[in-house]
Every structure is written in structure tokens, then in C-alpha cells.
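Asker: this is the structure alone, sequence omitted:
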């Protein structure tokens, strides 16, 4: 019995050291702040969507972000998901002019967008977008919340993370300092300030409120299925937990005549 | 031997008390499995129904100005050909004068056009027999004995109101939902 | 009636079919009345769970393929369209996506079960090797499936992994060009990956079929690792194990559902929601979590060719495992040293997984090398030697009488009576 016991001690120590070494390894020197967790209406398994905030967020996208950023995966009809009525959506769509194929002579025609139209894009192609933005390509925002580590908190961190660069930092040409952005140098000028938009519902238009609202809208845009998904999930998980209990009882019954 | 007898007695005793509950739980498990299978099957089946973007693209607008009397055009709506025909006075009269009771699929001409716009006939250009596209829109096409459309697949013939008059097709050419936006523009769907 | 199968089914229709095509007899013999050791624990659920997982993947995959477009210009958008416009498309895609992770969780536990209880030993060598083939096919399928959404990780993962083959001298470059169907990962690559991603699961089904045939020839192993001595040691598969598997299935589906409905992107990489861009590599290219240990092995060696060979070798050693382990005793329960070393091996694999997720620098690189060395040490040195050196504990005489020595034999009736206590 002695030998295995000693061996076991040695092995367990070895494994512990290996594991500890692996876990204790410092992460690569953090250049940027970890996103600070904000309080979101959509957090957690029961989290819904603050429709008013999402609508205000769409207003910010429409008035500010959409000057540079496309949302190519979205259609105007998707706005029913943030609680806009069909007439409101029609009116919003009609205020944009979008390509409508070609006429009988083969010339491209344009016309007012319909609810079934894609969101109007600020630039016809990535090259034009770069040319207008100092060589930097403004990313499409359709799934931006899912496409960044840290999700909503990160986007919020970017929007509220602008500051004066530290005196010893050498900034690239036309670059802005941002506490959240990896490397701290971002090509996007600060998009939101206090009072950037005027809310019609009396919500204070502070920077943090605006950032919060637009991130709520972007979260909806990236996860339009979220509300349905969570509602279904709660039901299905409850059902499965119940079924686990039922099958376990039946299993106990069936196995009772063995042993 | 005695052991076996005792065991049997025990089992019998136990089942006597346990039967209702066990059966109920088994039933519940079976019902749960059936519900679960249904719940798994439905999303798979429903995913083959038209998607949201397909449903959203279900209307199309047609400019009527360029279509002269006697001419017809074909436009695509929901992946199907739609015939839009500018009828002459003679064609309208011909369609209206038909004795409705003699038709295979009785329908008056007035019921197939919109009030005040009876120069315009809008029908789905799909033969009600087996789904071919009838001829009759191009000037060189045969229009059949009744001056409407002629289906090359099995010889069905439609009149100037798009009603079936001869051949194997059972029904008139369908009239889609459409509305006049103004006198020279219609919106289908 | 010469040439007809003798059927025992009373129902005339069933009997008629069964005489000509003995499907019902087969199902009855192989599933219903199939004699199975009576002492399985819940680890024995995972084979059935893997089967269910495979069926879920095929079902969701077939329906996803009805909406997906394998073209570099449209693949990303077509996946987003599935997520947004197709009825329940988001559900199908999230189930398929997380189903891959669930499949590997289930199969890794299934493999651990085999390692712990010595299920690969005589006479189950071929059964085990077929299982390794299934694992390889799963890895290929999962890798190619990950390319299909054509996100940044899809593209760069495909680039890095296909480039592995360039390590082979002389023919390497030609192999890679052939795999790509061009001079980089591009539309031709995406198209063939889609085709193969659709094909391979059906190959997996065929190998699973062979795996099950082999299993039904040798019979199942069990936690004691000793063969059943007679009917008193076995019970019919149905209803005892069908119901036990059902319990496991409900727990498994619960975990699966929590993942799909509440954290669908938890196991994925955010960069795969950025459309593929051949001009910009993401900050660090990492594979899906289930490939991380292999990835760590690959990167632990500074030489490209040796790294690739070790990557393949890490699966290769599993093929010869039945002959590497020299111990005649199957179950780790009766192998006091192996019982501890197997956990060290598990920890080693977890460490490799951790290392695979981190940039290969500094102490991470060192830990990766130690863990890689230990991985091969376990298979190639420890297992062959341990079988010779270890003194196994006394084996029970049969499954029905697990305690023979030490505790003293139980009176004959004792084993039968405790059922009164429910």
C-alpha cells in the first residue's frame, strides 16, 4: 500500500503545480481597460428589451451613426421589433432614397425606400467609405454587438471612452485617444457628446444616456430573435427539468424489481 | 422454494400499491416524449415556409402608361408571371356578352376587372391545368379561338377576360389582389 | 418455406415483413432483449447521447442547407438571413452551432469512460479503433462546418489548418493548392468544404453502424471490467437501459437548451461575426474550444513538420492504445495507480486546452511543452510500463457478486432481498 500512496501524493502535487502555473500566468499586458459591466434591460435569462431606449437608440443611429456606418443586414420592416408601428416604419423608409433596379432603357432608377428595403447605406462600397473617412473603414453595425469581445459593455465603453491622450503618448495622424479601444488609438472621432440628439420623450440627453440607448438598439439589431428566444428557452428548460424528474421516477420504478 | 414464494408475494403486494402511480408516471413520460418530438419537428417544418424577406417582398408596382390598347405585358410578381392587358372596346364587349351560365367556371367579366377600369385585365399568367404559361401577350403569339390566351402545353384556351373556354384547364386564370394607385399605376399584392 | 426468416412476431403484418426482411427481429435482438451487464453507471449514457446528438446535427443541418449559400460573396449574408428571416432559422442555427460543442463534450466523456474502464482492451480493440475513426471524421466535419459562415475565424482557421499540410516535404505545397482549389482559401475551397461537410456526417453514420455492430458482437464493457458470467449478470436493454438513457437524455437536453437559448454565442468567437477579410488577420487565430488541446500540441514544437506530425500523432496513439496498455485488468477500479494517473492525464488535457487558447509566449509555451510531453509520455511510456509494474486489486468473481474478498461473501439470499427497501 505504501508505494501507491506516495506516488499519488507526488502526482497530485505535480498536477497541482502544472495547473497553478497555467492559471497563474499573467494575461498579456493589458493595454486597454476591461469593459465595465453596465446595467442592461436585456441582461440575464429573463431580460427583455427596453423598447423606448431602443427607439431612442435608433434615433441616434439615424441622426449620427448612419452618416458613416451601414447596417446592411437590417430592413426597415425590422423596426417593428423595437415597437414602431407600420405607418411609422413606412414614413421612416420613405424618407430614404434607395436604388430600385433599372428602367426599360437599362438606366438605374432610384425611389423612396419601402419597409421591405434594406437600411440605406451611407456609402455605395467600402472603397468610397474609406476615401471619405481618412482611409479607415467604418464597420457595418448589424452584428457589431456580437462581433466584439465584451459585447454591449465594450461598445458602451468605446462611445464613452474618449479622453485627452496622456502627455507621453504619440498619437497617429488623425487618430483619437480612447480608453476602451485596443491600443487606445481609434480613427473614429468622438461620435456622441452631451446633447448630441434631442429626445422627444423628455429623457435627458447626456452622453451616457445616449450611449446606453444606441447600444440597446444595436443589441436588438444583432439579436432580433432575443425576446422570442429567451421566452421559448424558459418554457423549454422548465419542460426538460420536469421530464428529467418524470423519467427518473419511472427509471426508479422500473429498476425497483432488480437488485 | 419458500424464498421464491415470499418474493413473489412481495412483488404482488408491491405492485398492488404501486400500479396507479407507476402507470401515471409512465403515461406522463410518454406524453412528454410525444410533446417533445412535436416541439422538435415543428421548427424544422416551419423553416421551409416562406421566410420573412420573401413575405415582405410580396407587392410590385406596374406603370400602365406604355401599354397601348390591344397590347399586354408580363411582369414578375412573387416569382410568377402576371399578365396586364390593355383591352380594346371590342374585346371588352366580347368578354361582357358571353352567357355566363355556359362557362365552365362561371364568372362575369365585371367580377374580374376593377370598377371603372374595365380596359385593364390583370391575371396570373399560369394555366390552371398544370401550370404552364399561356401564350398571347406578344403580337406574334396565337391567342386561341376566343382571342385571349392559348396554352401550348395541352391546348387550353382563354377568352379576353382570361376565362377558360376550351381545353383541359378547370378554372379561369386567377386574378391577383391589386389596386389602382392612380389611373396609370397599379400595385399588385 | 425455405429461405424465409423464422419470425416469432404474432402480428401478421409484422410477421410477414419480418420473414422477408428481419428488421423487427433484429431490433428485438439487438436493442430490446439484448443482454446488457446490469451494473452500468451513468457514464454508459454517453454512447446513446452521442447518437442522439448526431441525429440532431443531421436534422438541423439538412434544413440549414436549404437556406445556406456556399459562395464567398453570399455565405455570411445567407447565414444572417437564416438568423433573421427564416422561420425558426435562428433556432436551427444556434442548435447546430452549439450542437457541435455538445457533440464533442459528449464524445470526450464517452472516450474518458472508455479510458477509465479499459473498454478498448481485448476483445474490443476494433470497437475502440472505429470510435477513433468517428472522432477523426467528427473533427474534419466540425472544422469544415466552422468555415461555412465565412467569418474572420472561418477564413483564418481554414487558412491556418489547411497550411498544416504544407509542412510535408516536396508534396506539401501541391497538397495545399489542391485542397484550396486555388492559391488561397477562396470560393472553390468554400464550395468543396460545404460539399464535404454535408457528406461526412453520413460517413459518420456508417461508421457508427459498424461501431454498434462491433459492440454487439463483444457485448458492452461495464464498470467492473469483467465479462458477465451468465444470465444473472445481465438484464435486457429494454426497458432498463432505454429508461436510464432517457434520464440522461433529459439532463443532456437541459444543458443543451440552456446553452442555445440563454448563451448561444458563449462558446463561439466574436470575430466570426465579422465577414471574412483576406487582407487582415484577427489579433489571434484560435480554433473552437474542442480543438484547443491539439492546437497546443501543434504549437509546442518549433519545427513545423514535427509539430504537424505530433498533432496527427496525438490521435494516432489512440489507435494503438489497445496494444500500448499492457495491463490485463480493464477497470481502473482495480488499478490503484492507473486510477490516479488517468486523472493526471485528464488534467494534462485540460492544461493543453488552456494553453491552446493563449498566445504561445513565455511560460505558456513552456507549460505547453511539458503538457505535450506528458501527453505522449502517458500513452507511450507510462501505460506500457504500468501494466507490468502495477499490482492490481483482486477482481470480483462476477458482476452479481462484486464483493468476494475483504468484505466476505454475502449470504445467497441477501443480494435479492434489499429491494424491499425500494
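Answerer: The structure has been received and is ready for your questions. Just so you know, these numbers come straight off a predicted model, no measurement behind them.
Asker: now residue C:234: closest residue in space, sequence neighbours ignored.
Answerer: Nearest-residue entry for residue C:234: residue C:35, 3.8 Å, with adjacent residues in sequence omitted and distances by C-beta to C-beta, 6 or more residues apart in numbering or on different chains. (C-beta placed from N, C-alpha, C; glycine too.)
Asker: so what touches stretch A:110-124?
Answerer: Applying C-beta atoms under 8 Å, 6 or more residues apart in numbering or on different chains, the external contacts of stretch A:110-124 come out as A:66-72, A:74-77, A:86, A:89-90, A:93-100, A:129, A:132, A:138, B:53, B:56-57.
Asker: run a quick neighbour tally on the residue nearest to residue C:234.
Answerer: Using other C-beta atoms under 10 Å in any protein chain shown, residue C:35 is surrounded by 16 other residues.
Asker: now do the same contact list for it.
Answerer: Counting by C-beta under 8 Å, 6+ apart, the residues that residue C:35 touches are C:219, C:228, C:231, C:234-237.
Asker: minimum pLDDT in these, which residue is that?
Answerer: Among the contacts of residue C:35, residue C:231 carries the weakest pLDDT, at 90.
Asker: leaving out the residues flanking it, which one is nearest to that residue?
Answerer: residue C:35 (7.2 Å).
Asker: what is the one you found paired to in the beta sheet?
Answerer: Note on residue C:35: beta-bridge partners residue C:236, judged by DSSP bridges.
Asker: re the thing from before, against chain B, how distant is the residue nearest to residue C:234?
Answerer: 22 Å (C-beta to the nearest C-beta, to the nearest Å).
Asker: point me to the residue of chain A nearest chain B.
Answerer: Closest to chain B within chain A is residue A:116: 3.9 Å, counting by C-beta to the nearest C-beta.
Asker: residues near that residue, how many?
Answerer: When neighbours are counted by other C-beta under 10 Å, residue A:116 registers 17.
Asker: ditto for the one 10 residues further on
Answerer: By the other C-beta under 10 Å criterion, the neighbourhood of residue A:126 contains 13 residues.
Asker: check the one 5 residues further on too.
Answerer: Using other C-beta under 10 Å, residue A:131 has 11 neighbouring residues.
Asker: looking at it now. What's its pLDDT?
Answerer: Per-residue confidence (pLDDT) for residue A:131: 94.
Asker: hmm, back to that, next, the residue of chain A closest to chain B: secondary structure please.
Answerer: coil (DSSP: H, G, I helix; E, B strand; the rest coil).
Asker: could you do residue B:62 as well?
Answerer: Reduced to three states with three-state DSSP, the structure at residue B:62 is strand.
Asker: for it, list each beta-bridge partner.
Answerer: In this entry, residue B:62 is beta-bridged to residue B:186, by DSSP bridges.
Asker: shouldn't it be in contact with residue B:181?
Answerer: No: applying C-beta atoms under 8 Å, one finds residue B:62 not in contact with residue B:181, separated by 9.6 Å.
Asker: now do the contacts for the residue in chain B positioned nearest to chain A.
Answerer: For chain B, the residue closest to chain A is residue B:56, as judged by C-beta to the nearest C-beta, at 3.9 Å. Residue B:56 is in contact with A:75, A:77, A:115-116, counting by C-beta under 8 Å, 6+ apart.
Asker: again, only this time at 10 Å
Answerer: A:75-78, A:114-117, B:50, C:85 (C-beta atoms under 10 Å, 6 or more residues apart in numbering or on different chains).
Asker: repeat that for residue A:63.
Answerer: A:196-198.
Asker: need the per-residue pLDDT for it.
Answerer: At residue A:63, the model reports a pLDDT of 96.
Asker: same question, residue C:417
Answerer: Looking at residue C:417, its pLDDT is 36.
Asker: give me the number of residues near residue C:340?
Answerer: With other C-beta under 10 Å as criterion, residue C:340 counts 20.
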